[in-house]
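Asker: here is a sequence with its predicted model. Questions after.
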Amino acid sequence: MHKSAQSLYQSLEGKRYTYLDRARKAAKLTLPYVMPDEGFGSHSRLETPFQGVGARGVNNLASKLLLALLPPNAPFFRLNVDEYQLRAEGAPDELITEIESSLQQVEEAVMDEISGNTYRTGVHEALKHLIVTGNALIYLPDEAGLRVFHLDRYCVERDAMGNVLYICTKEDLSYMSLTEEMKSLVGTQDMDSPDEEIHLYTAVCRKEDRWHVWQEINGELIPSSEGSYPLDKNPFIPLRFSRIDGEDYGRGYVEEYLGDLQSLESLTRALVEGSAAAAKVLFMVNPNGTTRAKTLAESPNGTITQGNAQDVSVLQLNKFNDFRVVQDSMTRIEERMGHAFLLTSGVVRNAERVTAEEIRMLGQELEAAIGGLYSLLSSEMQLPMVNRLMSIMNKNKSLPKLPEKVVNPVIITGVEALGRGNDLQKLDMFLAGASQVVGPQAIQQFVNIDEYFERRATALGIKTAGLIKDQEQMQAEMQQAQQMQMAEKLGPAGIKAMSEEAKLQQQQPVREEQ
């Protein structure tokens with residue numbers, strides 16, 4: 001007998017309040033719609049922050065992470081073959097090569113599935129929530145597609161090692177969106193309150209080596225919702241931005257810079273309101289002077305009137321130096337935020353000559369600085385997504401079933417991509433330095449150019465099949481070039497002699513076989 005999903009949600013809800021409170025504070029300073037206040041509805045009003053650095057930073061970082069984790073033109077994973085086990089079972093090298101080429105087609109099929117559906121859109125939404133709130137829940141149903149549960153709509157519990165034990169979600173549905181089975185459990189809708197919301201709870205519990213899932217609507221168990229999944233094929237994938245020992249939820253990236261964002265918000269508000277007050281123009285007339293206020297107000301531009309200039313003055317705040325202090329403080333905070341959120345405008349130094357190489361090097365340094373985030377998302381998001389997508393495609397018979405003990409998916413983006421980028425940089429530095437010290441002739445003599453091209457293509461993630469010439473093709477082209485040179489020197493008679501000699505060489509192996 002399952003525990004009630006509603007009681008499970010209510011028991012886990014208490015541990016979530018602290019994280020929700022911090023998430024709402026972070027959202028108010030960046031993207032308020034990501035995590036609005038409790039009770040927010042379609043008629044509620046969102047407050048707009050005075051500064052836009054937080055929103056720019058979150059959108060920029062989410063886009064960079066999306067391109068790094070789900071690159072559009074290359075697979076983000078590779079199906080790895082256990083060659084040791086295959087050779088132990090007596091598989092020849094030709095079979096292993098054939099298996100690897102077949103697995104490449106499987107990888108392309110999975111990437112076509114991702115490109116054909118709205119997975120990238122959902123992942124981009126989840127990344128925004130991870131950066132702002134630190135948590136998100138991805139749901140991959142059997143019908144394809146991806147849905148993101150926000151932190152205020154799900155609860156999770158983990159053990160001491162960070163492994164998920166319970167996941168529970170809460171959804172508010174309308175009567176018209178229910179299935180026939182759900183309507184039979186809910187009963188007939190009251191026509192006096194057609195907009196009354198119905199609560200649907202979904203519970204996911206880990207028992208031994210499987211996930212057990214069931215749903216309840218208004219306290220009634222939905223029989224068709226009961227099911228189980230293997231541990232590595234759970235349709236509910238809880239994500240967290242940072243791993244903190246002993247905590248069930250993660251902390252957002254914005255929370256780490258909440259102090260700077262709050263300071264920038266206060267300074268920007270003070271500067272905007274002060275500037276608005278300073279922009280107001282007020283002419284003041286001495287009541288005891290000879291100049292009349294009515295004459296000053298009604299006189300058009302360029303009119304000659306009687307009066308004393310000493311009687312008229314303009315109201316000024318004399319706050320220029322104070323505003324300048326505020327502006328300098330804002331500039332320093334914006335530079336720090338630019339470095340934190342990988343904003344190019346906040347990264348490039350303010351100088352007359354800034355080279356493209358300097359910008360590229362600084363960008364690589366910042367990308368490597370968030371490498372820890374890549375490693376966490378590769379293990380908690382990318383790998384479970386691949387396993388779940390392959391399971392869905394197997395059920396739909398759009399993908400062959402692969403032996404789990406021999407073939408395993410391996411993530412090749414994120415930290416691995418950063419490592420390949422460093423390899424590429426070192427390769428180029430090695431060749432450039434060697435060329436300066438010993439000269440290009442020494443490089444041609446000592447460096448294997450074929451191997452260099454292979455390593456450079458691997459570092460860039462480019463497939464070399466059909467792109468780089470092999471040794472046999474290069475030798476054939478060299479022989480052809482030599483024959484063309486000989487033909488030009490010898491003339492028509494030489495060409496005829498060479499063609500006869502080539503025919504004799506082709507006939508000789510045939511005679512030896514006979």
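Answerer: On my side now, so go ahead.

Asker: contact partners for Tyr253?
Answerer: If a contact means C-beta atoms under 8 Å, 6 or more residues apart in numbering, then Tyr253 has 61, 130-132, 134, 241-242, 340, 373 as its contacts. (C-beta placed from N, C-alpha, C; glycine too.)

Asker: in stretch 109-121, what's buried?
Answerer: For stretch 109-121, the neighbour count (16 or more other C-beta atoms under 10 Å) marks 110-111, 113-114, 119-120 as buried.

Asker: in helices, which of the residues you listed appear?
Answerer: Mapping those onto helices (DSSP state H) picks out 110-111, 113-114, 119-120.

Asker: check which helix or strand covers Arg336.
Answerer: Assigned by DSSP states H and E, Arg336 falls within helix 320-340.

Asker: one step back: format the ones in helices among the buried residues of stretch 109-121 as CSV; extra columns: pLDDT and distance to Met486.
Answerer: Formatted as CSV, those follow (pLDDT from 0 to 100; distance: C-beta to C-beta, whole Å):
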residue, pLDDT, distance to Met486
Val110, 85, 53
Met111, 84, 50
Glu113, 84, 56
Ile114, 84, 55
Tyr119, 87, 59
Arg120, 89, 58
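
Asker: got those residues as CSV, with distance to Leu389 columns?
Answerer: What follows is these, written out as CSV (distance: C-beta to C-beta, whole Å):
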residue, distance to Leu389
Val110, 6
Met111, 10
Glu113, 6
Ile114, 7
Tyr119, 8
Arg120, 13
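
Asker: for those, which one is nearest Arg24?
Answerer: Arg120 (27.0 Å; C-beta to C-beta).

Asker: neighbours of the closest residue to the closest one other than its chain neighbours, how many?
Answerer: Of all residues not flanking Arg120 in the chain, Leu70 sits nearest, at 5.7 Å (C-beta to C-beta, 6 or more residues apart in numbering). Neighbour count for Leu70, taken as other C-beta atoms under 10 Å: 22.

Asker: so what pLDDT did Leu70 get?
Answerer: pLDDT, Leu70: 82.

Asker: quick one: contacts for it?
Answerer: Leu70 neighbours (C-beta under 8 Å, 6+ apart): 76, 114, 119-120, 123, 413.

Asker: swap in Val106?
Answerer: 79, 399-400, 402.

Asker: one more time with 10 Å, if that's ok
Answerer: Residues near Val106 by C-beta atoms under 10 Å, 6 or more residues apart in numbering: 75, 79, 390, 393, 399-400, 402, 407, 409.

Asker: what of Gly122?
Answerer: Contacts of Gly122 by C-beta under 10 Å, 6+ apart are 136, 138-140, 145-148.

Asker: by neighbour count, which of those wins?
Answerer: For these, counting by other C-beta under 10 Å, the largest number of neighbours falls to Ala136: 28 neighbours.

Asker: quick one: contacts for it?
Answerer: Per C-beta under 10 Å, 6+ apart, neighbours of Ala136: 34, 122-123, 125-130, 148-151, 154, 237-241, 250, 381.

Asker: now Lys64. Nearest residue, chain neighbours left out?
Answerer: Spatial nearest neighbour of Lys64, excluding adjacent residues (C-beta to C-beta, 6+ apart): Leu342 at 5.9 Å.

Asker: now Phe40
Answerer: Leu46 (7.9 Å).

Asker: would you confirm that that neighbour contacts Pro32?
Answerer: Yes: using C-beta atoms under 10 Å, Leu46 is in contact with Pro32, at 4.5 Å.

Asker: quick check: neighbours shared by the two?
Answerer: Phe40.

Asker: neighbour count winner among those two?
Answerer: Between Leu46 and Pro32, Pro32 has the larger neighbour count (other C-beta under 10 Å), namely 18 against 12.

Asker: domains in this protein, by residue range?
Answerer: 414-460, 473-514 (automatic domain parsing).

Asker: just the buried residues out of the contacts of Val106, in ChimeraX syntax.
Answerer: If you want just the buried ones from the contacts of Val106 in ChimeraX, going by 16+ other C-beta under 10 Å, the selection is:
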select :75,79,390,393,399,402,407,409
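
Asker: any weak-confidence spans in the stretch 101-250 of the chain?
Answerer: Within the stretch 101-250 of the chain, the segments meeting pLDDT under 70 span 101, 189-196.

Asker: strands along that one, start to end?
Answerer: All strands of the stretch 101-250 of the chain, identified by DSSP state E, counting those that start in this stretch, fall at 135-139, 147-149, 154-158, 164-173, 198-207, 210-217, 220-221, 227-230, 236-240.

Asker: CSV for the ones you listed, including distance to Met330?
Answerer: Compiled in CSV, the strands of the stretch 101-250 of the chain are given as follows (distance: least, C-beta to C-beta, whole Å):
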stretch, distance to Met330
strand 135-139, 30
strand 147-149, 34
strand 154-158, 37
strand 164-173, 41
strand 198-207, 46
strand 210-217, 49
strand 220-221, 56
strand 227-230, 51
strand 236-240, 32
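
Asker: which stretches in the stretch 151-300 of the chain count as helices?
Answerer: Assigned helices in the stretch 151-300 of the chain, in chain order: 180-186, 253-256, 258-278, 293-298 (criterion: DSSP state H, counting those that start in this stretch).
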